[in-house]
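1. sequence and predicted structure, then a few things I'm wondering about:
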Amino acid sequence: LTAMRVLMVLPIVVLFYTRRSHLCALLFAVASLTDFLDGYLARRWQVQSPFGKFLDPVADKLLASAVLVLLPSTSSSTAPLLAVPAVLIILREIL
């Protein structure tokens, strides 16, 4: 599920720029749901791996950063207002 979430980042970006916002939002929601489901199943089945522990936060950061980069490009009038918080959130994700 975590690897699938990483692979969903590119289609989300493509759908965003092809103006298919409903599909983009749906795919983002599915990716978010897989994040929850992945954590739930790992705890319930007590299945963890070092690779999974590494990849899960990476997948979260990739997904969040991609969406945060896309959002300011939606409108030229609000781009500066959205860009500053987006950069701050991405910096927090990195640090």
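-> Sure thing, it's come through.
2. ok, then the element right after the longest helix along the chain?
-> Determined from DSSP state H, the single longest helix within the chain is helix 21-45. Sequence order places helix 50-70 as the next helix or strand after helix 21-45, per DSSP states H and E.
3. how close does the residue positioned nearest the centre of the chain get to Met8?
-> Nearest to the geometric centre of the chain sits Leu63, at 1.8 Å (C-alpha atoms, centre = their mean). According to C-beta to C-beta, to the nearest Å, Leu63 and Met8 sit 7 Å apart. Placement of C-beta: from N, CA and C, glycine included.
4. mutual contacts of the two, please.
-> By C-beta atoms under 8 Å, 6 or more residues apart in numbering, Leu63 and Met8 have these common neighbours: 28, 31.
5. residues contacting Glu93?
-> 61, 64-65.
6. looking at these, which one is closest to Leu27?
-> Checking these against Leu27 by C-beta to C-beta gives Ala64 as the nearest, at 14.3 Å.
7. before we move on, the earlier item: quick one: the residue nearest to the centre of the chain and Pro11 touch, right?
-> No - using C-beta atoms under 8 Å, Leu63 makes no contact with Pro11, being 11.5 Å away.
8. so who does the residue lying closest to Arg5 once chain neighbours are set aside touch?
-> Closest residue in space to Arg5, ignoring its immediate chain neighbours: Ala59 at 4.3 Å, by C-beta to C-beta, 6 or more residues apart in numbering. Taking C-beta under 8 Å, 6+ apart as the contact definition, Ala59 lies against 2-3, 5-6, 35.
9. just the buried subset of these, written out for ChimeraX, thanks.
-> Buried members of those, identified by 16 or more other C-beta atoms under 10 Å, are gathered into one ChimeraX selection as follows:
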select :2,5,6,35
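10. tell me the one of the contacts of Ala59 nearest Leu55?
-> Of those, the one sitting nearest to Leu55 (C-beta to C-beta) turns out to be Thr2, at 4.9 Å.
11. for this structure, what helix or strand is lowest in average pLDDT?
-> helix 79-94 (a mean of 84; mean pLDDT, DSSP states H and E).
12. so what's the residue count around the residue nearest to Val47 when sequence neighbours are not counted?
-> Among residues not flanking Val47 along the chain, Leu41 sits closest, at 7.4 Å (C-beta to C-beta, 6+ apart). Neighbourhood size, Leu41 [other C-beta atoms under 10 Å]: 12.
13. brilliant, that's me finished.
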